[in-house]
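K.L.:
Have a look at this fold, sequence not included:
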C-alpha cells in the first residue's frame with residue numbers, strides 16, 4: 001500500500017554567499033521574485049501537492065523564514081484600518097495552520113544529505129518531499145504536484161529530472177537510466193557530479209524529490225562523497241533495487257535562483273505571467289533588446 005504524501009522538508013541553511021552583500025543580513029530564501037520570497041513559492045508549490053506539514057532545516061540568521069509564515073497582527077490591523085484589502089488578502093494567503101511548520105537546526109554545513117538527516121524525527125516512517133527553494137519552477141501544474149501524482153502511481157522514490165548539456169554534468173546528480181516512456185524513467189543508478197566523460201547520461205536531478213523514509217538509514221552512516229560532504233544522491237543510490245525508483249520529466253521551466261542570472265531571468269518570466277504586470281514589462285524590455293545597450297546608451 002502506498003502511503004499518502006503529507007510531509008515536506010525544505011533545506012534552507014545555506015549562507016547565500018553568491019548574493020552578498022544582499023544576503024549579509026537577509027536569508028537568501030527571503031529574496032523576492034516579483035513580490036513573493038523564494039521560500040513562499042516553495043511552500044505554495046508543496047501545498048498545491050497536498051503537503052500539510054513542513055520542516056525547515058535552518059541555520060544561524062534564518063528566523064525570518066519562520067516569521068514570514070506567522071500572523072502579523074499589527075500589520076494586518078493597519079491594513080484593515082486603511083482599507084487595503086488586496087494587500088491584506090496577499091498576507092493571509094501565506095498563513096499556515098497552527099503546528100504545520102517545524103524547524104530543525106543544521107549546525108554545520110556538511111551537505112544536503114546531512115541536512116535531510118537533521119529532519120529525521122520529523123520524517124519518521126512517512127514518505128516525504130524535498131524542495132530546494134533555489135530551484136524555482138514555472139509550470140501550469142506545480143512541479144511537486146506532478147511528482148506527487150507520479151509517486152502515487154509508482155510508490156518508492158521519484159525525482160524531477162531534466163536534460164542538461166553534457167559539459168555541465170559535473171554540476172548535478174546524473175541518472176543511469178533504464179526503461180523510458182518519455183515521462184517516467186527507470187533509474188538504475190545515480191552519480192553525483194560526474195565528469196562529462198564519465199556521466200552515464202545527461203539527465204540530471206533538479207531540486208524536487210519524493211523519497212521513502214528508508215533513505216535516513218543510509219544517511220546516518222555519514223559517508224562522505226563529492227566535495228567531502230554527505231551527499232543525498234549517494235544515499236538515494238543505495239535504495240535502487242530495494243524500492244521502485246523513477247525520474248519524472250516534469251512539465252515546466254526551471255530557474256536556478258542560486259545564480260544571479262537565473263534569478264534575474266526568473267523575475268522577468270514570473271512578471272510576464274502576471275496580467276497586471278506583463279504589458280508594462282514587455283514595454284520596458286524593448287528598450288534593452290533593440291541594441292543591447294539599454295535605454296540611456
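P.N.:
Alright, I've got the coordinates. Just so it is clear, the structure is predicted and the values come from calculations on it, not from any experiment.

K.L.:
show me the contacts for residue 72.
P.N.:
Residue 72 makes contact with residue 91, according to C-beta atoms under 8 Å, 6 or more residues apart in numbering. The C-beta positions use only the backbone N, C-alpha and C, and glycine is treated the same way.

K.L.:
how far away is it from residue 19?
P.N.:
Distance, residue 72 to residue 19, by C-beta to C-beta, to the nearest Å: 25 Å.

K.L.:
Tell me the secondary structure of residue 247, please.
P.N.:
Following DSSP: H, G, I helix; E, B strand; the rest coil, residue 247 is assigned to strand.

K.L.:
For this structure, just list every one of the strands.
P.N.:
Using DSSP state E, the strands of the chain run over residues 7-11, 32-33, 36-37, 53-58, 101-105, 128-131, 135-138, 157-163, 173-180, 184-192, 203-211, 245-249, 253-256.

K.L.:
Ok, which of the ones you listed comes nearest residue 76?
P.N.:
Nearest of the strands of the chain to residue 76, taken as C-beta to C-beta: strand 36-37 at 17.4 Å.

K.L.:
And the pLDDT at the nearest residue to residue 165 once chain neighbours are set aside?
P.N.:
Leaving aside its chain neighbours, residue 165 sits nearest to residue 202 (7.0 Å; criterion: C-beta to C-beta, 6 or more residues apart in numbering). Looking at residue 202, its pLDDT is 89.

K.L.:
Point out where the stretch 151-297 of the chain drops to low pLDDT.
P.N.:
Under the criterion pLDDT under 70, the flagged ranges of the stretch 151-297 of the chain are 290-297.

K.L.:
switch the cut-off to 80
P.N.:
225-227, 289-297 (pLDDT under 80).

K.L.:
Next up, phi/psi of the residue nearest to residue 165, please.
P.N.:
Dihedral angles of residue 202 (phi, psi; degrees, to the nearest 10) stand at phi -120, psi 20.

K.L.:
follow-up on the earlier one: possible to save the strands of the chain as TSV with distance to residue 115 and mean neighbour count?
P.N.:
Supplementary listing: the strands of the chain in TSV, determined by distance: least, C-beta to C-beta, whole Å; neighbours: other C-beta atoms under 10 Å:
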stretch	distance to residue 115	mean neighbour count
strand 7-11	4	25
strand 32-33	23	16
strand 36-37	19	18
strand 53-58	5	22
strand 101-105	9	16
strand 128-131	9	26
strand 135-138	15	22
strand 157-163	16	22
strand 173-180	15	19
strand 184-192	15	20
strand 203-211	12	24
strand 245-249	21	23
strand 253-256	18	18
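
K.L.:
With distance to residue 283 as added columns, please give the ones you listed in JSON lines.
P.N.:
Listed next are the strands of the chain as JSON lines, based on distance: least, C-beta to C-beta, whole Å:
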{"stretch": "strand 7-11", "distance to residue 283": "36"}
{"stretch": "strand 32-33", "distance to residue 283": "20"}
{"stretch": "strand 36-37", "distance to residue 283": "23"}
{"stretch": "strand 53-58", "distance to residue 283": "38"}
{"stretch": "strand 101-105", "distance to residue 283": "40"}
{"stretch": "strand 128-131", "distance to residue 283": "34"}
{"stretch": "strand 135-138", "distance to residue 283": "21"}
{"stretch": "strand 157-163", "distance to residue 283": "32"}
{"stretch": "strand 173-180", "distance to residue 283": "41"}
{"stretch": "strand 184-192", "distance to residue 283": "42"}
{"stretch": "strand 203-211", "distance to residue 283": "32"}
{"stretch": "strand 245-249", "distance to residue 283": "35"}
{"stretch": "strand 253-256", "distance to residue 283": "22"}
